[in-house]
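>>> Below is the sequence, then the predicted model.
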Amino acid sequence: MARMRILRRLTAIVAFTAVAAGVTLAAPTTTADAAAPHGTLLIVPGQSLGAAPYTLMADALRRDGYRVRVLDLMGTQLLSDSRAIGRAVDAEKKARPSTPVSLVGHSVGGVTTRYYVKNLGGASKVANVIAVGTPEYGSPGGCNQPGADGQLCPGSAFLRELNAGDDTPGPTRYYRIRSAYEWVTGDLDGGQCRVTPLPAFVAPTGYTEHTAEAVNPAVFQAVSRAAAGHCDGQFVDQPDGQLTAENSLRPQR
């Protein structure tokens, strides 16, 4: 029931914002219809959303020339989701060895994406990690998320392991994309492109903007630019140990 309420809310957001912004929602484009892809993007959903809300994002990125697959993960079993991401990457690399693979994780999807890259051998296989609205060091709101056993709560064993040492290992490039009204910064230590925060899309509130990132055309464009190697913001190489759960919470504006 909770998932259905979230999906209905996202559907309403899509309809309202499309009318308000004059956006035409084109019919989904299949991979076969798209132009020759210049990279594969695997989209990892936020918690309890599943693949459905990311149809618009996938379609927009296909039109930009990417091969796109949305992983149907619920974001509640963080370790098993991280392993599932690894299996999806391996399948893509086996099918198209010369095509670069990038991971796009929204919310908790960015956490499991980075766990796979850092702790499960993904750094040598993934060209870009693009985190959208991701609580990299946890969020108080994640302490009571159903099914996640407190793994998104600041200071959890899962997050301590994830954030020990360099947050951005290997040759992989790391990007952070978020609304200006996000709850968390999404910052990492080590080398990271911190894309300039996007203006409010629906309403200047943290929860609404966080949810709407899944259907925001400005997010789609930022993801496409990042996957193509553009840093539309500031590249920061922050020393290890400076970031904490406390200073990673919603920034002052």
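Structure received.
>>> helix, strand or coil for residue 42?
Assigned by DSSP: H, G, I helix; E, B strand; the rest coil, the conformation of residue 42 is strand.
>>> Buried residues, the helix or strand where residue 116 lies. List them.
Secondary structure assignment for residue 116, by DSSP states H and E: helix 108-119. Buried residues in helix 108-119, counting neighbours by 16 or more other CB atoms under 10 Å, are found at 108-118. All C-beta spots, glycine's among them, are computed from the backbone N, C-alpha and C.
>>> what packs against it?
Packed against helix 108-119, as judged by 3 or more CB pairs under 8 Å, 6 or more residues apart in numbering; DSSP states H and E, are the following elements: strand 40-44, helix 78-95, strand 101-106, strand 128-132, helix 157-162.
>>> which residues are contacting the third one?
The contact list for strand 101-106, computed with CB atoms under 8 Å, 6 or more residues apart in numbering, reads 39-46, 49, 54, 57, 85, 89, 92-93, 111-114, 116-117, 122, 125-134, 213-214, 223, 226-227.
>>> Swap in 7 Å and give it another go.
39-46, 85, 89, 92-93, 112-113, 125-134, 213-214, 223, 227 (CB atoms under 7 Å, 6 or more residues apart in numbering).
>>> same thing with the fourth one?
If you take CB under 7 Å, 6+ apart as the criterion, strand 128-132 is touched by 102-106, 110, 113-114, 117, 172-178, 186, 213, 219, 223, 226-227.
>>> Tell me how many other residues surround the nearest residue to residue 114 once chain neighbours are set aside.
By the measure of CB to CB, 6 or more residues apart in numbering, the closest residue to residue 114 outside its immediate chain neighbours is residue 129, 6.0 Å from it. Other residues near residue 129 come to 28 when the count uses other CB atoms under 10 Å.
>>> And residue 129, how far from residue 40?
14 Å (CB to CB, to the nearest Å).
>>> rewinding a little: distance to residue 236 for the helices and strands packed on helix 108-119 - can I get that in TSV?
Formatted as TSV, those follow (distance: least, CB to CB, whole Å):
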stretch	distance to residue 236
strand 40-44	23
helix 78-95	25
strand 101-106	19
strand 128-132	14
helix 157-162	19
